[in-house]
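S.K.: Predicted model and sequence follow; I will ask about them next.
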Amino acid sequence: ETGVTQSPTHLIKTRGQQVTLRCSSQSGHNTVSWYQQALGQGPQFIFQYYREEENGRGNFPPRFSGLQFPNYSSELNVNALELDDSALYLCASSLGGGGNYNEQFFGPGTRLTVL
Amino acid sequence: AQSVSQHNHHVILSEAASLELGCNYSYGGTVNLFWYVQYPGQHLQLLLKYFSGDPLVKGIKGFEAEFIKSKFSFNLRKPSVQWSDTAEYFCAVMSSGTYKYIFGTGTRLKVLA
């Protein structure tokens, strides 16, 4: 059974640029959630995708957007990068979605640095 | 708004000492509760979870946690810590019928050999 994988591992961008982060969910999982973990903080929920539809969103601006593909992998896109977007971005996959209880399995994260 | 508080930000213990990390949440409804651990250089891993039944739950590596509904708490315990328990510990809450975890800010545990 393959776990959650994320790419790239590290990324450096400059302010104003756009970035795409990728996540492959664990085998058999149909739900992907994205979190932002700033230094010294706990992960903050960005949004969740269930069967290719956005299923819920946290308190993040519209320049944070996402996609989920038919194979349930997912992308997180951030436009007009700001310095405060520097963080570890975590992807978590689970089976269920739609409000059902489900355990989330986390990937290793992508470390984004915005200069 | 829902929130999770972890009052201990940094904890330093000697090996064989007992551990208790506090976690309190604010939400009046039914919740699912989790403790995750993040070892240096590794990703978040589930230690234990509670969603119903016996309020005392046992997880991996000798950890346990007790859900006290009246106190809105889910404290993590281990009777005797090891150097390998050095890590950051996160408490998380998912309110029933929702889709997202609310995480606490984490507790960094350092165990001295």
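M.R.: Perfect, thanks for sending it.

S.K.: Tell me how many other residues crowd residue B:10.
M.R.: Number of residues near residue B:10 (other CB atoms under 10 Å in any protein chain shown) recorded here: 10. Where you see a C-beta, it was placed from the backbone N, CA and C, and this is true even at glycine.

S.K.: again but with residue A:39, I slipped
M.R.: Residue A:39 - counted by other CB under 10 Å - has 7 other residues nearby.

S.K.: pLDDT score assigned to it?
M.R.: Turning to residue A:39, the model gives it a pLDDT of 89.

S.K.: element containing it?
M.R.: Residue A:39 belongs to no helix or strand when assigned by DSSP states H and E.

S.K.: is the residue nearest to it when sequence neighbours are not counted in a bridge, and if so with what?
M.R.: In space, residue A:39 comes closest to residue A:87 once its chain neighbours are excluded; the distance is 7.3 Å by CB to CB, 6 or more residues apart in numbering or on different chains. Beta-bridge pairing for residue A:87 (DSSP bridges): residue A:112.

S.K.: per-residue confidence for the closest residue to residue B:113 other than its chain neighbours?
M.R.: Nearest non-adjacent residue to residue B:113, counting by CB to CB, 6+ apart: residue B:83, 4.6 Å away. On the pLDDT scale, residue B:83 is placed at 96.

S.K.: Residue numbers of chain A in contact with chain B?
M.R.: Residues of chain A found near chain B (CB under 8 Å from any CB of the partner chain) are A:4, A:31, A:33, A:35, A:40-45, A:48, A:50, A:55-56, A:58, A:90, A:92, A:97-99, A:101, A:103-109.
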